[in-house]
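Novice: Model the following, please.
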Amino acid sequence: MHKIGLLVCTLLLAPVCHAEATCAPWLDHSLKKLHDPDIINLCAATEGKPVLLVNTASHCGFTQQFGGLEELHQQYQQQGLVIIGFPSNSFNQAADTAAEAARICYYNFGVSFLMTEQISVKGDTAHPIFKHLAQDSEAPSWNFNKYLINQQGEVVAHYSHWTSPGSWRLARAIEALL
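Specialist: Have a look, this model is predicted:
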């Protein structure tokens, strides 16, 4: 960057320049919130923050992980961690409707972290975010895969559905980014 431009960014436009520098291009997407007309701008939600992305399903043997993900959210949100759940029927275990999925997430498990509309997470029909995750790490092999992203938008760790949100390995990795 040109010296004068850097000076302008540093002194006058730091928030704007910082936002431009910290949004990974693969996160430059907007998705509707789960069972809500509001839109989540993923760049705005994640810029300069550590992020945990999770592909979820409402009728899966691992659905109880919503509770642990909410605990992580409550524990680390004030330190900057952003958790985003991506409901998916890629493994044929999603709720039939967005209303049912929302009831399971919000009512049954008290989820307050970001949840998007249902998307595909594997194969040719995967949303571009999950295509990037598959290329940079690995594609989800089942529901509740967890991808830890650093403040620069780089995938630093992938955890399978077998890794509980309460895992000390996951907590240690999150804390290392905070």
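Novice: What residues sit buried inside the longest helix seen in the chain?
Specialist: Determined from DSSP state H, the single longest helix within the chain is helix 65-76. Going by neighbour count (16 or more other C-beta atoms under 10 Å), the buried part of helix 65-76 is 65, 66, 68, 69, 70, 72, 73, 76. Any C-beta I mention is one placed from the backbone N, CA and C, and that applies to glycine too.
Novice: how close does the fourth one get to residue 128?
Specialist: Spelled out, it's residue 69. From residue 69 over to residue 128 the distance is 23 Å, taken as C-beta to C-beta, to the nearest Å.
Novice: repeat for the fifth one
Specialist: Per C-beta to C-beta, residue 70 is found 27 Å from residue 128.
Novice: mind listing the helices for the protein?
Specialist: Under DSSP H, the chain gives helices at 3-11, 14-22, 42-46, 65-76, 98-102, 128-136, 168-177.
Novice: So, low pLDDT: which residues of the chain?
Specialist: Applying pLDDT under 70 to the chain flags residues 1-22.
Novice: Repeat the analysis, applying 90 as the threshold.
Specialist: 1-23 (pLDDT under 90).
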